[in-house]
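*Asks:* Below is the sequence, then the predicted model.
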Amino acid sequence: MFTVAVLISGTGSNLRALLEAAADPDYPARVVVVGADRDADGLAHAEDFGIPSFTVPYARFASREEWGDELGAQLDVWKPDLVVLSGLMRLLPAGLVDRWTPRVVNTHPAYLPEFPGAHGVRDALAAGVAQTGASVIIVDSGVDSGPILAQERIPVLPGDDEHALHERIKPVERRLLIDVVRRIATGEVDLAAVSAAHAH
Ligand code: GRF
């Protein structure tokens, strides 16, 4: 069975959607562990589904690299086929990216390469654009700069604030993520080939 580790920092609504999809016996992937960089509310979803979890509190480490080493050690215990960042609000240190790419994907609430970084929704609103989007990418050594595996446009509506727009984006992210993980698990998407093509 194709195994997935999901890393979160927040409410984990995207994680829950993936857990619900993976609960279907016909879904070709299983979430085997959930990790967080803090005591994230989303860890409760792992508990609801009886999935093991771990926390590597960023604040306890002297550097991003040391935090990354511990996070990597935890992932090496589970040896997942794929790592999914879904609301992890940390950049992975280069050593960890090098260890896992291209078998690490990230969801982002914007139409990359538009509005990368930690505030994609806020930045789209500030830019006054009529549409933004959701994207699923392979994590590489940059900030939201990896190959795009799936993305979809989402309208910005008059009166949108950051929360309203983000809540409209998240269901699209969840649908894209569930489909991308399915296509990776079945081999329809070859992450190594996509990553190599992007590099040139
Ligand atoms: C998602 O929009 C994700 O793309 C972004 O943070 C949000 C996490 O939401 N990085 P949740 O924790 O899955 O509800």
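*Replies:* Happy to help now that I have it.
*Asks:* mind listing the helices for this protein?
*Replies:* Along the chain, the stretches classed as helices by DSSP state H are 13-22, 43-48, 64-78, 94-100, 120-127, 162-185, 191-199.
*Asks:* Format the ones you listed as TSV; extra columns: distance to Asp144.
*Replies:* All C-beta spots, glycine's among them, are computed from the backbone N, C-alpha and C. Output for those, formatted as TSV (distance: least, Cβ to Cβ, whole Å):
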stretch	distance to Asp144
helix 13-22	15
helix 43-48	24
helix 64-78	17
helix 94-100	12
helix 120-127	8
helix 162-185	13
helix 191-199	13
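*Asks:* Residue of the protein closest to the ligand, please.
*Replies:* The nearest approach of the chain to the ligand comes at Gly87, 2.8 Å away (Cβ to the nearest ligand atom).
*Asks:* got a list of what that residue touches?
*Replies:* By Cβ atoms under 8 Å, 6 or more residues apart in numbering, the contact set of Gly87 is 8-15, 42, 107.
*Asks:* give me the low-pLDDT residue ranges for this structure?
*Replies:* 200 (pLDDT under 70).
*Asks:* where does the chain come near the ligand, residue by residue?
*Replies:* Applying Cβ under 6 Å from any ligand atom, we find that the chain lies next to the ligand at 8, 10-15, 42, 86-87, 107-109, 170, 173.
*Asks:* which of these count as buried?
*Replies:* By neighbour count, with 16 or more other Cβ atoms under 10 Å, the residues of the chain next to the ligand hold 8, 10, 12-15, 42, 86-87, 107-109, 170, 173 as buried.
*Asks:* Next, the residue of the chain closest to the ligand: phi, psi?
*Replies:* Per-residue torsions, Gly87: phi 90, psi 20 (degrees, to the nearest 10).
*Asks:* ok, now how distant is it from Val34?
*Replies:* Applying Cβ to Cβ, to the nearest Å, the value for Gly87 to Val34 is 11 Å.
*Asks:* Common neighbours of the two, please.
*Replies:* With Cβ under 8 Å, 6+ apart as the test, Gly87 and Val34 both reach 8, 12, 15, 42.
*Asks:* Hmm, the third one is touching Ser9, no?
*Replies:* No: using Cβ atoms under 8 Å, Leu15 and Ser9 do not qualify as a contacting pair, with a distance of 10.6 Å.
*Asks:* Give the residues shared as contacts by these two.
*Replies:* 42, 87.
*Asks:* picking up where we left off before, from the shared contacts of Gly87 and Val34, pick the one nearest Ala150.
*Replies:* Using Cβ to Cβ, Leu15 is the member of these that lies nearest Ala150, at 17.4 Å.
*Asks:* OK, contacts around that closest one?
*Replies:* 6, 8, 31, 34, 42, 45-46, 86-87.
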